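1. predicted model follows, preceded by the sequence.
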Amino acid sequence: MNATHLELTQVGIDFPTANGPFNALTDVNLKINKGEFISLIGHSGCGKSTVLNIVAGLYQASYGGVLLDNLEVNEPGPERAVVFQNHSLLPWLSVYKNVELAVKQSPNKRSKIEVKEWVEHNLDLVQMTHAKDKLPSEISGGMKQRVGIARALSMQPKVLLMDEPFGALDALTRSHLQDSVMEIHAALGNTVIMITHDVDEAVLLSDRIVMMTNGPSATIGEILDVDLERPRNRIALADNPSYNKYRHQVLQFLYEKQRKIEPVFSQQKTNETPHSNKKGANSANNAA
Ligand SMILES: Nc1ncnc2c1ncn2[C@@H]1O[C@H](COP(=O)(O)OP(=O)(O)OP(=O)(O)O)[C@@H](O)[C@H]1O
């Protein structure tokens, strides 16, 4: 787990807008080792999804670039699978067929029986075999997210990119799925980049937490090494002084160093712009 296999160098992006180019990201430098679990955290609108989309090849960086195993990333590819917050399953296909579609599209050529075995194996990994014949509309949000993860894993990606994968789930489902992701990561050793707004989730799951500054021209502010033994148990960690120290460091970054004060609605209507940092505005919405 020590050879750099994903490298972002001087990555920046300008989005064209009606008022001219908007510099969302600047000078993003990050080296990620094989098998590392990285979380990206930062206030809303700082550019986390933009970083992920550049690594996914969905956005092209205006400056700098991304290398995966020394090959330049400039378009989407099966070696970088994405799991979105809101599952993106095809509603007319069963759970099984949704995963099968990804397996059939993967560059690995498999016989019919191999496809079946591989789909079943991946559904098994996320404990969804029991619902394989159901349609997405017949299963819960957490289950859909499990299928989305199975579909991504079935492509055997080198890098799994997850954009707030548990953001839309209730706390209990979220915890179950976090535990599953930790088990899968331990078993498969994929490199993972996950966006989260949840400090506890970041500390629980990550090897490193990449903390981003507020935009525009956002960049990496600090990187925190989370040196907690695996497998990790959320209940045991609650009393672990190191766990609490890491939590505190992330909170301090977000709410002291990168404190973001947003106007309350009434002020916003009268004299403030969204994302204003003006002093004295009420901090009604400063969640990361
Ligand atoms: N296609 C686009 N065109 C113009 N501006 C964009 C585009 N995509 C993102 N932006 C801007 O770039 C900045 C970063 O957006 P991004 O979605 O990456 O932030 P984020 O940290 O993922 O936000 P959130 O946590 O709310 O999802 C924001 O100011 C956003 O408005």
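-> Structure's in. What do you need?

2. please make it C-alpha for all contacts and neighbour counts, starting now.
-> Noted.

3. what average pLDDT does the host helix or strand of residue 8 get?
-> Per DSSP states H and E, residue 8 falls inside strand 4-17. Computed over strand 4-17, the mean pLDDT rounds to 96.

4. gap between it and the chain center?
-> Distance of strand 4-17 from its chain centroid, counting by Cα atoms, centre = their mean, to the nearest Å, is 16 Å.

5. indicate the residue of the stretch 51-200 of the chain located nearest to the ligand.
-> Going by Cα to the nearest ligand atom, the ligand is nearest to residue 51 of the stretch 51-200 of the chain, at 6.6 Å.

6. helix/strand/coil for that residue?
-> For residue 51, the assignment made with DSSP: H, G, I helix; E, B strand; the rest coil gives helix.

7. so which residues of this structure form helices?
-> Per DSSP state H, the chain carries helices over the ranges 48-56, 95-105, 112-125, 141-154, 171-188, 199-205, 234-237, 241-252, 265-270.

8. most tightly packed of the ones you listed?
-> helix 141-154 (a mean of 24; mean count of other Cα atoms under 10 Å).

9. contacts for that helix, please.
-> 81-83, 86-89, 95, 98-100, 102-103, 118-119, 122-123, 125-128, 136, 160, 165-166, 168-169, 173-174, 177 (Cα atoms under 8 Å, 6 or more residues apart in numbering).

10. residue 53 contacts residue 66, correct?
-> No - at 11.3 Å, residue 53 and residue 66 do not qualify as touching, with contact defined as Cα atoms under 8 Å.

11. contact residues of this structure facing the ligand?
-> With Cα under 6 Å from any ligand atom as the criterion, the chain meets the ligand at residues 15, 24, 44, 45, 46, 47, 48, 49, 50.

12. buried set for stretch 3-16?
-> 4, 5, 6, 7, 8, 9, 10, 11, 12, 13, 14 (16 or more other Cα atoms under 10 Å).

13. for the residue of the stretch 51-200 of the chain closest to the ligand, give its distance to residue 34.
-> 18 Å (Cα to Cα, to the nearest Å).

14. swap in residue 79?
-> 13 Å.

15. for residue 183, same thing?
-> When residue 183 is compared with residue 34 (using Cα to Cα), they lie 17 Å apart.

16. over to residue 187?
-> Relative to residue 34, and taking Cα to Cα, residue 187 is found at 14 Å.

17. check contacts around the most centrally placed residue in the chain.
-> The C-alpha lying nearest the average C-alpha coordinate of the chain belongs to residue 194 (Cα atoms, centre = their mean; 2.3 Å). Residue 194 makes contact with 37, 38, 39, 40, 161, 162, 163, 164, 165, according to Cα under 8 Å, 6+ apart.
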